[in-house]
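# fold the following for me, if possible:
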Amino acid sequence: MFKKLIQVLVLASAGWSAAVVAAPPQGAPVARGLSSREAIQDWKKQHGNWGRWGQEDQLGTANLITPAKRKEAAKLVRDGVSVSLAHTLETRQAADVPSPLERQMLFHGEAPESTYSADHLGIGFHGWSHTHLDALCHVFDEGRTYNGYPQSKVDSKGCSVLSVNEVRDGLLTRGVLIDMAAFKGVPYLEPGTPIHAADLEAWERKTKVKVSSGDAIIVRTGRWARRAAVGPWDVSSKSPGLHASSVEWLAARGVSIVATDVGLDVLPSGVEGVVMPVHVLLINTLGVHVIDNADPEALAKAAAARGRYDFLLSVAPLAIEGGTGSPVNPIATF
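Numbers count the residues shown, from 1 in each chain. Next up, the predicted model:
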């Protein structure tokens, strides 16, 4: 599965220019492009974040989560109720779980001599199965990672730059749930349904919730609700998700983290010749940390019950030196 993901990302980035400059100012008008490979090339040249926080930056848009932003986010805690956004790790192979969690009990209660229990875990977390955070070293484009580091900085020992260990202190900020399935009046979006910038703007207008700099957005397509209703399917070939046009809106808002309950991109992408443009544009061009395969079902219920869609979000990745990412259990607190 990991090899398949890398192949997809390489295809997505083939032929794209990596010459990028400063990001647009906050509040800049959102264009209506990014529907073609050529438009994506042009946008990257004008709107990337390489060098925005210095030539040696390794945090990307996590720089937007300032101390002031964290304090503002903490004020959103009113009820003291927390909700997990992690999907329970899958231990059985299925159409959408090619690499299940490997779990072996080392000590357990069935052995009379045991005085404690212990288990061993093994997991290939990238892909479309498990809730995980992508580090900024995860995606290459034209031989470069985010901020222009050569992809040779990622070798058999791991990422010498941009690893998940750069955010080991955690990502704590204002989270905003965008329940796109509920917004469209359905229990879940069907595979292949794209979410455009216009959809995100329409959601903002209806809910009167304004996404702002440093926010983390959680987009619910209803993937897990559909799985429960009709069963698993090959999410890696056909999935609801973000269309490339959404990146313009996310960049204009200054979003720091994007989480979805799928693999981020709508599949097929809707952009001829480009397989997973959103992954490349967010991680490589903008330096946005991405959470794939989150499970916002409980969060959606908690938000609807309160009539509010913003909260304190905390993400604590494992401290993995050189890690390309980490399994995570994001927590929303109301």
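# from here on, contacts and neighbour counts on C-alpha atoms
Noted.
# what bridges to D292?
H132 (DSSP bridges).
# count of neighbours near the nearest residue to S269 once chain neighbours are set aside?
Using C-alpha to C-alpha, 6 or more residues apart in numbering and skipping the chain neighbours, the partner closest in space to S269 is V275 (5.7 Å). Using other C-alpha atoms under 10 Å, V275 has 22 other residues around it.
# gap between V275 and L200?
In this structure, V275 and L200 are 22 Å apart, going by C-alpha to C-alpha, to the nearest Å.
# picking up where we left off before, quick one: secondary structure of the residue nearest to S269?
Taking DSSP: H, G, I helix; E, B strand; the rest coil as the rule, one finds V275 in the coil state.
# so it makes contact with V266?
No: assessed by C-alpha atoms under 8 Å, V275 is found out of contact with V266, at 9.3 Å.
# you'd agree E102 is up against I123?
Yes: judged on C-alpha under 8 Å, E102 makes contact with I123 at a distance of 6.1 Å.
# helices along the stretch 201-334 of the chain, start to end?
223-230, 246-253, 277-279, 297-306 (DSSP state H, counting those that start in this stretch).
# show me the contacts for the nearest residue to V209 once chain neighbours are set aside.
In space, and not counting its chain neighbours, V209 is closest to Y309: 7.5 Å by C-alpha to C-alpha, 6+ apart. Contact analysis of Y309 by C-alpha atoms under 8 Å, 6 or more residues apart in numbering lists V176, L177, I178, V209, A303.
# can you say which of the residues you listed are buried?
V176, L177, I178, A303 (16 or more other C-alpha atoms under 10 Å).
# so of those residues, which ones are in strands?
Per DSSP state E, strands hold the following members of the buried ones among the contacts of Y309: V176, L177, I178.
# identify the residues contacting the residue nearest to A225 when sequence neighbours are not counted.
For A225, the nearest residue in space outside its immediate sequence neighbours is Y188; the separation is 6.5 Å by C-alpha to C-alpha, 6+ apart. Applying C-alpha under 8 Å, 6+ apart, one finds that Y188 lies in contact with A181, A182, T221, G222, R223, A225, R226.
# roughly how far does the third one sit from H108?
Between T221 and H108 the distance, using C-alpha to C-alpha, works out to 39 Å.
# neighbour-wise, which of the two wins?
A count of neighbours by other C-alpha under 10 Å puts T221 above the other of T221 and H108, at 33 against 14.
# residue contacts, the more buried one?
Contacts of T221 (C-alpha under 8 Å, 6+ apart): D179, M180, A181, Y188, L189, P240, G241, T260, D261, V262.
# please repeat the previous calculation with a cut-off of 10 Å.
178-183, 186-191, 193-195, 239-242, 260-262, 295-297 (C-alpha atoms under 10 Å, 6 or more residues apart in numbering).
# so which of the helices of the stretch 201-334 of the chain is the most packed in?
helix 277-279 (a mean of 25; mean count of other C-alpha atoms under 10 Å).
# surely T193 and V262 touch.
No: between T193 and V262 there is no contact under C-alpha atoms under 10 Å: 11.8 Å.
# which of the residues in the host helix or strand of A181 are buried?
Using DSSP states H and E, A181 sits in helix 180-183. By neighbour count on 16+ other C-alpha under 10 Å, the buried set for helix 180-183 is M180, A181, A182, F183.
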